[in-house]
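K.L.:
Coordinates for the following, if possible.
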Amino acid sequence: MGKYSRKSKKVLEKKSDIGRSWEAELPFPVSVNSMHCYSVNGVYLSDETRRYYAEVRDILRDTYRQRIFDGRLRAEVILHETDKRRRDINNYTKTLFDSLEGFVYRDDKQIDETILKRGEIKEYAHIKIKITQISDEDERETLKEKVKTDFKNKIKDCKEKAILETCGELMLEKLHTFKLEKKKYKK
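P.N.:
From the prediction side, this is the model:
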């Protein structure tokens, strides 16, 4: 199991969320920069990437007993590193998401939302991931919030327009009376 086999073999299934979420602590993924090797014969997965896929799949095969998610998903990932070097944390999601295909979800194209965070420095590098299914109910709640916000903004705009219209009418009246008074003085 090589370089990645450390204490990071904990997979938790959340019973409280009625099969809508899954959490795991997995080995730190390979960077997308070292994911592929290039040769005259073409492009292929590096040995490091293959070892990572094998280790994650062994962990999931031994511990994961939940159904494969269908539909849209949200992924929350926290990367815990062993040192303070600054890394581009976006480079690690591709390998991680690809390694979960066929076990947690059918295809990583199902992931519509990703929250990616840099975690605390730990003595062993690992990631914590939570996959949650986005239901129609969640979408409806989001849509309701958007409609409420839009409605509040429209009301605010209407109030501002009403104030401007009222001010404009008053200004027109004053202008009209000013013109009438000006005519009186000309006579």
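K.L.:
hey, let's count contacts and neighbours off CA atoms from now on
P.N.:
Noted.
K.L.:
Which segments of the protein make up each domain?
P.N.:
Domain segmentation of the chain under automatic domain parsing yields 2-134, 135-187.
K.L.:
Pipe these into a markdown table and attach mean pLDDT per row.
P.N.:
Shown next, in a markdown table, are these (pLDDT from 0 to 100):
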| stretch | mean pLDDT |
| --- | --- |
| domain 2-134 | 84 |
| domain 135-187 | 69 |
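K.L.:
okay, the ones you listed, which one's buried deepest?
P.N.:
With neighbours taken as mean count of other C-alpha atoms under 10 Å, those reach their highest mean count in domain 2-134, at a mean of 16.
K.L.:
chain center to that domain: distance?
P.N.:
15 Å (C-alpha atoms, centre = their mean, to the nearest Å).
K.L.:
now the helices: where do they sit in this protein?
P.N.:
47-63, 93-100, 136-186 (DSSP state H).
K.L.:
ok, now how distant is the residue most central in space within the chain from V77?
P.N.:
Nearest to the geometric centre of the chain sits T114, at 2.4 Å (C-alpha atoms, centre = their mean). Distance, T114 to V77, by C-alpha to C-alpha, to the nearest Å: 8 Å.
K.L.:
Equivalent analysis for Q133, please.
P.N.:
15 Å.
K.L.:
same thing with R65?
P.N.:
21 Å.
K.L.:
Good, we can wrap up now.
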